[in-house]
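*Asks:* sequence below, structure please.
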Amino acid sequence: MTYSNAKQIERLVQVSEMYYTQKYSQNQISEKLHIHRTEISRLLKKARQIGIVKITVAPPTSRINDDLANFMCKNFNLGQAIIVPTEENSDYQDDLESLSVYTNNLLNEFIKDNCVIGLSWGETIKKVIANFFLSKKVKNVSIVPLIGSPMGKLEISCQANHLVHQMCDKIPNSKLFSLDTPVFLNSEKFMHEILSTETNRNSVRLWEKVNIALVGIGSAKMVDNYNWRTFYKKEDGDEGIYKDSMVGDVLSQSFSIDGDEYREVYPNLVGASLSQLRKMNTVIGVAVGESKAEAIFGGLRANLFDILVTTDKVAKQIKKIHLSQM
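*Replies:* Sure, this is the predicted structure:
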């Protein structure tokens with residue numbers, strides 16, 4: 001059977017329309033067209049193979065969330081805002097699970113042959129990668145951490161190197177890069193020495209080629225969590241990166257609610273700078289939790305993201321903050 005033949009193409013379209021659009025069963029199509037039941041199944045399979053039928057799976061949306069997404073794009077220079085619907089009484093873990101589903105769809109849309117994916121760290125990225133699955137075939141994908149490791153401070157499962165390993169396992173034949181260094185080092189000289197190793201040097205160089213950067217958004221309000229507090233604060237009670245009214249951070253570099261970056265330079269931080277992040281092709285910021293609204297707002301004001309994925313609850317809080325400042 002040659003599918004360049006117009007009559008054969010017409011038959012594939014006819015069967016596909018009856019099955020997918022008119023909702024006939026395969027048995028009903030068989031009776032109406034006088035074609036054997038097994039032939040109907042074969043025709044439907046061939047229609048999918050040659051592209052007559054394209055099946056997509058998309059999460060639900062709503063008019064309210066579409067309006068919120070449009071508001072976010074219009075007011076914060078976003079290319080796209082994905083507003084995840086949540087139940088009224090859902091908790092943080094429920095919302096995190098929902099966000100990971102929507103982010104998975106987005107990643108599958110953007111991941112292509114020869115692309116470079118950069119990952120930050122944290123609970124949100126951990127959940128996204130845990131639930132990630134690739135729905136298409138791609139080749140020559142590289143995955144690189146965008147920041148070093150908070151040695152002894154945060155559990156390994158949240159660290160960038162571990163997340164890169166996890167994602168590589170889910171993308172066949174992808175290339176893994178790593179950063180064998182803590183995120184904060186004692187001296188600038190020591191940092192240059194560590195980054196001179198071949199492994200670290202190759203990873204840092206790859207930052208300039210990142211096509212998709214997937215980053216979490218930290219919040220000053222998270223430091224009530226012991227693990228984050230021991231990482232971001234010093235033993236003497238110093239507020240660390242959250243000095244001077246900073247409300248949030250991306251890649252451990254903080255900013256105010258107005259998007260002003262922390263004035264102090266980070267000479268000993270091993271990670272892509274915010275200026276480097278802005279140059280990456282597509283930066284996807286992901287965050288859950290209404291307590292992060294101010295931090296996300298600050299990140300939006302700092303023009304750190306091309307795409308934001310968050311929940312309807314958080315988007316409503318961000319809208320309130322924006323309107324209160326007008």
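*Asks:* distance between the longest helix anywhere in the chain and the chain's centre?
*Replies:* Longest helix in the chain by number of residues (criterion: DSSP state H): helix 92-110. Distance of helix 92-110 from its chain centroid, counting by Cα atoms, centre = their mean, to the nearest Å, is 8 Å.
*Asks:* other SSEs contacting that helix?
*Replies:* strand 80-84, helix 123-130, strand 212-216, strand 282-286, strand 307-311 (3 or more Cβ pairs under 8 Å, 6 or more residues apart in numbering; DSSP states H and E). (C-beta placed from N, C-alpha, C; glycine too.)
*Asks:* and those as CSV, adding distance to N268 and mean pLDDT?
*Replies:* Converted to CSV, these look like this (distance: least, Cβ to Cβ, whole Å; pLDDT from 0 to 100):
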stretch, distance to N268, mean pLDDT
strand 80-84, 35, 95
helix 123-130, 23, 95
strand 212-216, 21, 98
strand 282-286, 24, 98
strand 307-311, 30, 97
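*Asks:* for I111, find the nearest of those.
*Replies:* strand 212-216 (6.8 Å; Cβ to Cβ).
*Asks:* pull out the buried positions in stretch 100-116.
*Replies:* S100, Y102, T103, N104, L106, L107, I111, C115, V116 (16 or more other Cβ atoms under 10 Å).
*Asks:* check contacts around the residue nearest to the first one when sequence neighbours are not counted.
*Replies:* So the one you mean is S100. Closest residue in space to S100, ignoring its immediate chain neighbours: N131 at 4.1 Å, by Cβ to Cβ, 6 or more residues apart in numbering. For N131, the contact set (Cβ atoms under 8 Å, 6 or more residues apart in numbering) comprises E97, S100, V101, N104.
*Asks:* before we move on, the earlier item: which stretch among the helices and strands packed on helix 92-110 comes nearest N27?
*Replies:* It's strand 80-84; of those, that one is closest to N27 (Cβ to Cβ) at 39.5 Å.
*Asks:* run through the strands of the stretch 1-150 of the chain in chain order.
*Replies:* Across the stretch 1-150 of the chain, reading from the start of the chain, the strands by DSSP state E, counting those that start in this stretch fall at 80-84, 116-119, 142-145.
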